[in-house]
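> What follows is a predicted structure for the sequence shown.
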Amino acid sequence: MTLSWAVEMFVRFGAAAAYVAGFLSAAHAVMTVRTPQGTIAWVLALVTFPYLAVPLYWVFGRDRFHGYRQPGLRGTDALEQVVRRATDALRPLAPPPAGAGRALPFEPRLAELPPTVGNRVELLVDGRATFDAIFAAIGAARSYVLVEFFLVRDDDTGRALRKRLADAAARGVRVYVLYDSFGSRTLSRGYVRGLRGAGARVEPFRSTTRRIDPFQVNFRNHRKLVVVDGRVAFTGGLNVGDEYVTGGPRFESWRDTHARATGPVVQAMQLAFVEDWFWITGEVPDLEWTPEPVAKTTEEDEPQISQTNAEAPDSNLRNLRDLRLASSSADAVDVADGCGMIALAIATGPVDEIDVCSLAIQRLINTARRRLWIASPYLVPDPPIVAALQLAAIRGADVRILLPSRPDHLLPFLSSYSYYDVLRPAGVRVFRYGPGFMHQKVMLIDDAVAAVGSVNLDVRSFHLNFELALAVADAGFAKDVERMLEADFARAVEEDLAKYRTGSRLFRAKARLARMLAPIQ
């Protein structure tokens, strides 16, 4: 009898505690959840099913990352000094006001560091070209190498990177490596021990580091970045693994895009690494912060676009072997001759006081007048991005979205179909890339602005991930991106956007449910 009474009291106390926690969490949701729709959904769930909803809310209902730039942390002064030093060094290299109308369409507050002149950016098409270029840069490193990836595998490609980094460390180069603890959760301890044993500094990026908030586990560091000596940097869509070169066991090929940058934008790109490294270690590495502008190239010494596509000999991408990276011209940006390309590094994340990633994408979309081409593996945009895409198409721009025809993750793949119904009436066109899997994250706006980076067209990138994109204002670079995407569209099939409306109820229900759950994956 006594035991039965104790069990009954425990159950009653637990139920009462769950409902109290549900109401308190609902109050928190009212004050903090970003959208009215999300607020209503969480409040109803929290007060109705608190046993399940409360833990889900505190893990998945958060879109702000706490403690990343918390004042008072040891070493914060050193980090602030580096930010000021980088800002002071890059400010004189900002494009002159006369070029504002033809340069990058960005307000200064949308990026931590300003756009700069004096850059060169080269497209790297697919995995072999990307890793060949990265390995060559690491092989030439003299002072330091910074490496940051969402996913690193202990396979042939991962071990090839480890060997280059170990060789660099052996000749006295300082090597710093960051990998996301969730994305690289299968990375072996032996891989990390091997790098550390060679003299490299290796750390996993964890969102709960320093125990500031044990519940912020739904955030990811999705950046892909390599910086060598503060003089050359790489960013784009590729992680470190065999599938990013060959397609792996699931896909017969893998379509991706990276970029190689030199010039002052490298300093802006490496600042993103420094801030991430400081969050994990509390340390600020001693790096090169003096920018080195690159003069405008001539037709004789323009670098080749690097690309490989051995799996598809009939592809139009083969023609890129004969392309040359065109230099800046008076038609591209209204600045002085010899300035090189105008480039801007856009580092975003859930630590931003405003939704910089979403706003940056909206800003680019809103400038499109003639053309807006977007390549992304996922289509799960938030309402402001949907509205911007609709308006661009209504303005008369050729709005195309290139998606893969096969999924690597089921939830975001199914989610994309639920947007067909709202994109179709405005005239937005959706294409599905045919062979293998397409993973690139590329935007082309009209004829003079293009962006390459890690940002997907989905709510995770906009609100939950740490991301990095490189935006370039240059007619030659935009032309290279145009030709690359034209080749991709030639290997894609345009979708009938009535497919969602005419599909079965089960198909539509699965797409809508996947859309609700996509930010969790």
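That came through fine. Numbers count the residues shown, from 1 in each chain.

> Only C-alpha atoms from now on, for both contacts and neighbour counts.
Fine.

> tell me the centre residue of the chain?
Centroid check for the chain by CA atoms, centre = their mean gives residue 454 as the closest residue, at 2.4 Å.

> Tell me the spacing between it and residue 134.
Relative to residue 134, residue 454 is positioned 16 Å away (CA to CA, to the nearest Å).

> sorry, back to before: ok, the residue nearest to the centre of the chain touching residue 468?
Yes: under the criterion of CA atoms under 8 Å, residue 454 makes contact with residue 468 at 5.7 Å.

> Which neighbours do the two have in common?
223, 224, 235 (CA atoms under 8 Å, 6 or more residues apart in numbering).

> Can you select the buried ones from those in ChimeraX?
Written as a ChimeraX command, the selection of buried residues from those, which uses 16 or more other CA atoms under 10 Å, is:
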select :223,224,235
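
> Now pLDDT, distance to residue 413 and secondary structure too, for the shared contacts of residue 454 and residue 468, in TSV please.
Output for the shared contacts of residue 454 and residue 468, formatted as TSV (pLDDT from 0 to 100; distance: CA to CA, whole Å; DSSP: H, G, I helix; E, B strand; the rest coil):
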residue	pLDDT	distance to residue 413	secondary structure
223	97	21	coil
224	98	22	coil
235	98	24	strand
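
> now the shared contacts of residue 454 and residue 468 in a markdown table, with distance to residue 448?
Converted to a markdown table, these look like this (distance: CA to CA, whole Å):
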| residue | distance to residue 448 |
| --- | --- |
| 223 | 25 |
| 224 | 24 |
| 235 | 20 |
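
> Which residues are in contact with residue 468?
223, 224, 235, 272, 345, 346, 347, 348, 453, 454, 455.

> my bad, residue 347
111, 112, 269, 272, 466, 467, 468, 469.

> Compute the distance between the fourth one and residue 171, please.
It stands for residue 272. Distance from residue 272 to residue 171, by CA to CA: 26 Å.

> Share the number of residues neighbouring residue 456, please.
The number of residues packed near residue 456 is 25, by other CA atoms under 10 Å.

> correction: residue 494
Based on other CA under 10 Å, the number of other residues close to residue 494 is 15.

> now do residue 4
Residue 4 has 9 neighbours, counted by other CA under 10 Å.

> about what we covered before: narrow the contacts of residue 347 to those in helices?
Of the positions in those, 269, 272 sit in helices, assigned by DSSP state H.

> hang on, isn't residue 157 packed against residue 240?
Yes: in this structure residue 157 lies within contact range of residue 240 using CA under 8 Å: 6.4 Å.

> Please identify which of these two sits among more neighbours.
When neighbours are counted by other CA under 10 Å, residue 240 comes out ahead of the other of residue 157 and residue 240, with 25 against 21.

> Distance check, that one against residue 227.
15 Å.

> now residue 274
11 Å.

> what do you get for residue 470?
14 Å.

> Name the residue in those two with the higher neighbour count.
residue 227 (28 against 25).

> Now for the more buried one: which residues touch it?
Residues near residue 227 by CA under 8 Å, 6+ apart: 145, 146, 147, 233, 234, 266, 269, 270.

> do that again at 10 Å, thanks
With contact set as CA atoms under 10 Å, 6 or more residues apart in numbering, residue 227 has these partners: 134, 137-138, 141, 144-148, 176, 233-235, 260-262, 266-267, 269-270, 273.

> and those residues, which of them are in helices?
134, 137, 138, 266, 267, 269, 270, 273.

> what's the closest of the residues you listed to residue 294?
The shortest approach to residue 294 among the ones in helices among the contacts of residue 227 belongs to residue 266, at 11.3 Å (CA to CA).

> What is the burial count for the nearest residue to the closest one once chain neighbours are set aside?
Leaving aside its chain neighbours, residue 266 sits nearest to residue 233 (5.7 Å; criterion: CA to CA, 6 or more residues apart in numbering). Residue 233 sits with 26 neighbouring residues when counted by other CA under 10 Å.

> and residue 233, what does it touch?
121, 134, 137, 145-147, 225-227, 259-263, 265-267, 269-270.

> hmm, 7 Å instead?
Applying CA atoms under 7 Å, 6 or more residues apart in numbering to residue 233 gives the contacts 226, 227, 260, 261, 262, 266.

> need the strands for the stretch 351-500 of the chain, in chain order.
Per DSSP state E, counting those that start in this stretch, the stretch 351-500 of the chain carries strands over the ranges 371-375, 379-380, 398-404, 429-433, 437-438, 442-445, 449-453, 457-458, 465-473, 492-494.

> got the contact list for stretch 137-154?
Outside stretch 137-154, the residues within contact range by CA under 7 Å, 6+ apart are 158, 164, 168, 173-180, 183-184, 187-188, 191, 221-229, 239-241.

> what mean pLDDT would you report for it?
In this model, stretch 137-154 carries a mean pLDDT of 98.

> What is the end-to-end distance of that stretch?
With CA to CA applied, stretch 137-154 spans 21 Å between its terminal residues.

> quick one: that stretch to chain centroid distance?
What separates the centre of stretch 137-154 from the centre of its chain is 18 Å, taken as CA atoms, centre = their mean, to the nearest Å.

> Return the closest of the contacts of residue 468 with respect to residue 46.
residue 348 (30.2 Å).

> Please list only the buried members of the contacts of residue 347.
Among the contacts of residue 347, those buried by neighbour count (16+ other CA under 10 Å) are 111, 112, 269, 272, 466, 467, 468, 469.

> In TSV: those, plus pLDDT and distance to residue 50.
Output for those, formatted as TSV (pLDDT from 0 to 100; distance: CA to CA, whole Å):
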residue	pLDDT	distance to residue 50
111	84	40
112	84	40
269	97	43
272	95	39
466	93	30
467	96	33
468	96	37
469	96	39
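
> Same list, the residues you listed, but as a markdown table with distance to residue 423 please.
Shown next, in a markdown table, are these (distance: CA to CA, whole Å):
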| residue | distance to residue 423 |
| --- | --- |
| 111 | 29 |
| 112 | 32 |
| 269 | 34 |
| 272 | 34 |
| 466 | 27 |
| 467 | 26 |
| 468 | 27 |
| 469 | 25 |
